[in-house]
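> Got a sequence here, can you model it:
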Amino acid sequence: MSHPRREAAKRLFDITEDQQGFFTAKQAKAAGYAENTHPYHVHSGNWIREHRGVYRLAHFPRTGRPDLMLWSLWSRNRADAVQGVYSHETALSLYDLTDVMPAKIHMTVPLNFRRNSAIPGVLILHRADLSESDTHRRDGVRLTTPLRTILDVQAEQCLPISILRQAVRDALSRGLIRQSEVASAGNQLSSDCTREFAPSVIAP
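Coordinates of the predicted model:
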């Protein structure tokens with residue numbers, strides 16, 4: 001004998017297992033929860049509404065950075081596909097390549113990214129159409145690769161050159177990037193951004 005509620009709960013848990021307990025309204029519906037039942041599960045304490053259209057299983061173990069999954073799911077498009085990639089100072093911090101803790105979360109979204117509501121104040125959005133080779137998946141969310149992160153920070157001049165220089169040294173010593181990648185970095189940005197990138201960053 002089947003138990004639809006139990007089966008729906010199992011399907012939803014399977015979805016959230018790789019999302020730190022978070023899920024979207026569309027994912028809940030796909031798991032078998034009718035949309036008109038969502039308020040009930042919030043009011044009964046089964047789910048926690050974290051943002052419009054984004055929920056979290058109340059009893060799922062908390063992780064160190066649940067905010068990263070929340071805003072990753074917030075960035076989904078109409079097809080429920082995540083669009084945002086953590087980048088710039090946020091990615092640099094997540095790779096432990098800087099001691100500077102950004103006050104806001106930096107995320108790169110596609111050029112055609114649109115939102116009908118206001119952008120949350122905690123987010124700083126950068127726009128670029130990233131290739132798969134520019135991104136890396138970590139703890140269920142996407143980050144720009146260490147090299148792309150360093151290039152983005154250099155291009156926007158959002159950190160002192162001394163901090164960026166140290167980040168490059170640390171990334172090289174830890175094997176996150178290769179010297180050949182630094183040498184060829186100019187091919188990935190405009191000449192205005194990369195004219196003095198290699199000598200200015202890797203020089204002692």
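
> Just list whatever residues bridge to the spatially most central residue of the chain.
Within the chain, one residue has its C-alpha closest to the average C-alpha position: by Cα atoms, centre = their mean, that is Tyr86, at 3.6 Å. Under DSSP bridges, the beta-bridge partners of Tyr86 are Met107, Leu143.

> Contacts only, for it.
Residues touching Tyr86, when contacts are defined by Cβ atoms under 8 Å, 6 or more residues apart in numbering, comprise 68, 72, 94, 105-108, 141-144. The way it works is simple: take the backbone N, C-alpha and C, and place the C-beta from them, glycine included.

> try 7 Å this time
Neighbour list for Tyr86: 68, 94, 106-107, 141-143 [criterion: Cβ atoms under 7 Å, 6 or more residues apart in numbering].

> next one: Ala31
Ala31 sits next to 8, 11-12, 15 when contact means Cβ under 7 Å, 6+ apart.

> can we see that at 8 Å?
Residues in contact with Ala31 (Cβ under 8 Å, 6+ apart) are 8, 11-12, 15, 23.

> same check, this time on Gly121
Lys104.

> any idea how far it is from Arg138?
When Cβ to Cβ, to the nearest Å is the yardstick, Gly121 and Arg138 sit 25 Å from each other.

> how close does Leu164 sit to Ser184?
Using Cβ to Cβ, Leu164 is found at 18 Å from Ser184.

> Who has more neighbours out of those two?
Leu164 (21 against 12; other Cβ atoms under 10 Å).

> Now do that one, the pLDDT please.
With respect to pLDDT, Leu164 has a value of 85.

> a helix runs through it, doesn't it?
Yes. Assessed with DSSP: H, G, I helix; E, B strand; the rest coil, Leu164 lies in a helix.

> how close does it sit to Ile105?
20 Å.

> again with Arg49
20 Å.

> These two: who's more crowded?
The residue with more neighbours, out of Arg49 and Ile105 and counting by other Cβ under 10 Å, is Ile105; that gives 22 against 15.

> For that one, grab phi and psi.
Dihedral pair for Ile105: phi -100, psi 120, per degrees, to the nearest 10.

> tell me the SS of Trp115?
No Trp there; residue 115 is Arg. With three-state DSSP as the criterion, Arg115 reads coil.

> count of residues packed around it?
For Arg115, the tally of surrounding residues (other Cβ under 10 Å) stands at 11.

> tell me the pLDDT at it?
So, for Arg115, pLDDT stands at 88.

> sec struct for Leu147, please.
For Leu147, the assignment made with three-state DSSP gives helix.

> Now that it has come up, it's in contact with Gln179, right?
No. If you go by Cβ atoms under 8 Å, Leu147 and Gln179 don't touch, sitting 11.4 Å apart.

> Between those two, which has more neighbouring residues?
Applying other Cβ under 10 Å to Leu147 and Gln179 shows that Leu147 carries more neighbours, namely 20 against 11.

> mind listing what whatever helix or strand His126 lives in pairs with, with the direction of each?
Per DSSP states H and E: His126 is located in strand 123-127. In the sheet containing strand 123-127, its partner strands are strand 105-109 (parallel), by DSSP bridges.
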